[in-house]
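[1] quick one: sequence plus predicted model below, questions after.
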Amino acid sequence: MILDSVAFACEGPPEAAETAAAYYWALRLLGVGSTSIAHITKAEGGDQKPFGSAFWHNGARKGLLRASALLVALIADETSERIELTTGIAIEVHTASFRSVRGYTVVGAVLDEIAFWPTDDSANPDTEILNAIGPAMATIEGALLMATSPYWRRGELWRADDRHFGKAVFDN
């Protein structure tokens with residue numbers, strides 16, 4: 001199950017720790033794996049955690065792993081910033097910035113709400129973020145997910161949609 005945006009699934013102010021705890025408790029009762037998407041604050045130099053809360057930051061990364069006994073067994077170490085697996089993979093959440101992905105090998109990326117990302121007229125345009133992710137994902141094909149609501153007819157998401165929507169996937 002993918003929940004985007006979790007603020008709409010909350011009963012109470014999303015910035016409150018009690019709201020986050022109640023949300024994740026309710027998810028555990030469902031007994032299914034989930035990915036919860038919560039948006040981070042845009043404040044300059046801010047906390048960069050969803051709704052400014054470590055509860056959302058930590059809980060969202062654990063939902064899918066905790067739903068499977070096989071995946072739970074792979075967790076080697078957890079900190080507030082990452083989950084390290086016994087396979088050597090680290091699961092991290094990063095701000096959408098072309099600077100934050102440089103130097104990594106990325107085996108999978110979810111670009112949340114990419115339709116709302118700044119475009120060419122920005123200091124951190126969507127084009128540059130995708131250009132930075134490309135080399136980081138050079139060894140893994142097809143592991144990029146753009147999850148978004150539609151917004152405007154510009155930017156990388158619009159160009160990808162224009163190139164691929166309604167086109168044949170396989171050559172015969």
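    Nice, I can see it.
[2] only the buried residues of the helix or strand encompassing residue 26, if you could.
    Assigned by DSSP states H and E, residue 26 belongs to helix 17-30. For helix 17-30, the neighbour count (16 or more other C-beta atoms under 10 Å) marks 19-20, 23-24, 27 as buried. C-betas here are computed from N, CA, C, even on glycine.
[3] chain center to it, what's the gap?
    19 Å (C-alpha atoms, centre = their mean, to the nearest Å).
[4] which elements pack onto that helix?
    Packing contacts for helix 17-30, counted by 3 or more C-beta pairs under 8 Å, 6 or more residues apart in numbering; DSSP states H and E, involve helix 54-66.
[5] what's the following helix or strand after the helix it packs on?
    That would be, after helix 54-66 and using DSSP H and E, helix 69-72.
[6] got the CA positions of that next one in PDB?
    Provided in PDB are the C-alpha atoms of helix 69-72 (Å, rounded to 0.1, in the frame of the first residue of the first chain):
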ATOM      1  CA  ALA A  69       9.900 -11.400   8.300                       C
ATOM      2  CA  LEU A  70      12.400 -11.900   5.500                       C
ATOM      3  CA  LEU A  71      13.100  -8.200   5.200                       C
ATOM      4  CA  VAL A  72      13.300  -7.600   8.900                       C
END
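[7] list the contacts of the next helix-or-strand element following that helix.
    Note on helix 69-72: by DSSP H and E, the next helix or strand toward the C-terminus is strand 75-78. The contact list for strand 75-78 (C-beta atoms under 8 Å, 6 or more residues apart in numbering) reads 62, 65, 83-86.
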